[in-house]
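>>> Pasting the sequence and the predicted coordinates here, then a few questions.
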Amino acid sequence: MRKYVLKRIGLSVVLLFFVSLIIYVIMRNIPTSYVEMQARLLSQTPGAKSYQEWLAQLTKSYGMDKGMIDGFFYWLGNAVKGDFGDSWFWNMPVTAKFSQVIWDSFTLGSISFVLQVFIAIPLGILAAKKQYSRTDYTVTIVALLGISLPTFFFATLLKLVFSAWLGWFDLYGKVGRFYNQLDSFGKFLDVANHFVLPIATLTIISIGSLMRYTRTNMLEVMNSDFIRTARAKGVSEKRVINYHAFRNTLIPVVTILGGSLPGLFAGALITETLFQIPGIGYTSYQSMVNGDIPFTMFYMVFMAVLTLLGTLIADILYAVVDPRVRVS
């Protein structure tokens, strides 16, 4: 197992290198020069240096005066040291801004992930146990709604009903207008109140595919020969479903759950933007539309790292959930 993990980590590093190169090449070939735009804006501030001086300084600091390959290795050398440069839009180091906003995204992502697992998997198993019943049809309809509804539409619908009509929650933001006047527990409740609708959006949109996937794989496993053998031996239906069938269903389910890892840290760009939650997704969206190349580069590389890490964890979990899977 150790040899396998080290091999996969080495492969992930190679993949990350080429992904970073592709990202850098795309950024360098964007038609609009954001370095020139940034130099022009900085030169217009009172007492600032001239446009040409700012342009030369920014071009040198981001390796834009070098060739494509040399510039990439210059950026990569700084990135390995944890230096992704200063954010043009936020006027602070990229890593400093990242540390400010990542925890809001992690809170939203982790809570919605836990709810997704504890709602989708049991309902998928229940639908498989009661195939073609009302319960099965109800779960199927809910799953199809979750899969089909666009995030922006469902989030807007929740805001219309629970914010505009009922007035239970604020339309957007992380805190209310009286946040600074509250005590510690009141501040916690205020933030929790603002997180309800974004978490509901992420959860309902996500459970559909996992529910359908769990149901489909449970039905396939329950029609297997070893399940019929277990029933013929007099094993209780509860043990057949919850132990024999479910354990064999876990392998494909783990694939989906491993792929969900980037969502825990990467932020939900559309949901955070619609509700204006200052997480990494909303921050990255603002950085992209404002031409903040350093932060955008960091965000895309960060997403690539999370995707590779999620795949690695899923591969390792295969051997954990199924003893038949062994890595030589």
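Received, thanks.
>>> Can you show me the strands along the protein?
Shown for the chain, the strands assigned by DSSP state E span residues 86-87, 92-93.
>>> Out of the ones you listed, which is closest to G208?
Across the strands of the chain, G208 has its closest neighbour in strand 86-87 (35.9 Å, Cβ to Cβ). C-betas here are computed from N, CA, C, even on glycine.
>>> picking up where we left off before, redo the strands of the chain as TSV? Include distance to L160.
Output for the strands of the chain, formatted as TSV (distance: least, Cβ to Cβ, whole Å):
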stretch	distance to L160
strand 86-87	34
strand 92-93	36
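>>> of those, which approaches N223 most closely?
When the strands of the chain are compared (using Cβ to Cβ), the closest one is strand 86-87, at 54.8 Å.
>>> mind listing what the closest one pairs with, with the direction of each?
strand 92-93 (antiparallel) (DSSP bridges).
>>> and V25, what does it touch?
V25 sits next to 68, 72 when contact means Cβ atoms under 8 Å, 6 or more residues apart in numbering.
>>> Most tightly packed of the strands of the chain?
strand 86-87 (a mean of 20; mean count of other Cβ atoms under 10 Å).
>>> for the record, mean pLDDT for that strand?
Averaging pLDDT along strand 86-87 gives 84.
>>> Equivalent analysis for stretch 125-143, please.
88.
>>> Can you point out the buried residues in it?
125-129, 136, 139, 142-143 (16 or more other Cβ atoms under 10 Å).
>>> Dump those residues to CSV, plus distance to L308.
Output for the buried residues of stretch 125-143, formatted as CSV (distance: Cβ to Cβ, whole Å):
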residue, distance to L308
I125, 30
L126, 34
A127, 33
A128, 32
K129, 36
D136, 37
V139, 33
V142, 32
A143, 29
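>>> Select from these every entry located in helices.
125-129, 136, 139, 142-143 (DSSP state H).
>>> Closest one to V253 out of those, please.
Distances from V253 to those, taken by Cβ to Cβ, are shortest for I125, at 10.4 Å.
>>> tell me the contacts of the residue nearest to that closest one when sequence neighbours are not counted?
Nearest residue to I125, sequence neighbours excluded (Cβ to Cβ, 6 or more residues apart in numbering): M218, at 5.6 Å. Residues in contact with M218 (Cβ under 8 Å, 6+ apart) are 124-125, 128-129, 245-246, 249.
>>> And R215, by the same measure?
124-125, 127-128, 136, 139-140, 143.
>>> Mind putting those residues into TSV with distance to L149?
Formatted as TSV, these follow (distance: Cβ to Cβ, whole Å):
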residue	distance to L149
G124	19
I125	23
A127	19
A128	23
D136	21
V139	16
T140	15
A143	11
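>>> So which of those is the closest to Y74?
A143 (48.6 Å).
>>> Was I right to think the closest one contacts S206?
No. Checked against Cβ atoms under 8 Å, the pair A143 and S206 is beyond contact range at 10.9 Å.
>>> how about low-confidence regions in the stretch 151-300 of the chain?
Along the stretch 151-300 of the chain, the parts satisfying pLDDT under 70 run over 261, 263-267.
>>> how about the helices in it?
151-158, 184-222, 225-232, 237-239, 246-259, 261-266, 269-275, 280-289, 293-321 (DSSP state H, counting those that start in this stretch).
>>> closest to A96 out of the ones you listed?
Of the helices of the stretch 151-300 of the chain, nearest to A96 by Cβ to Cβ is helix 293-321, at 10.8 Å.
>>> The closest one vs helix 280-289, what angle?
140 degrees (axes from the mean of the first three to the mean of the last three Cα atoms, to 10 degrees).
>>> What distance do you get for E237 to H244?
11 Å (Cβ to Cβ, to the nearest Å).
>>> Compare those two and say which is more crowded by neighbours.
H244 (19 against 10; other Cβ atoms under 10 Å).
>>> Would you agree that one is in contact with D225?
No. Using Cβ under 8 Å, H244 makes no contact with D225, being 11.6 Å away.
>>> any idea how far the closest residue to S284 other than its chain neighbours is from L317?
Spatial nearest neighbour of S284, excluding adjacent residues (Cβ to Cβ, 6+ apart): Y299 at 4.4 Å. Counting by Cβ to Cβ, the gap from Y299 to L317 is 27 Å.
>>> One more: V25?
For V25, the distance to L317 - Cβ to Cβ - is 34 Å.
>>> same check, this time on T203
In terms of Cβ to Cβ, T203 sits 22 Å off from L317.
>>> do I207 as well
Separation of I207 from L317 (Cβ to Cβ): 20 Å.
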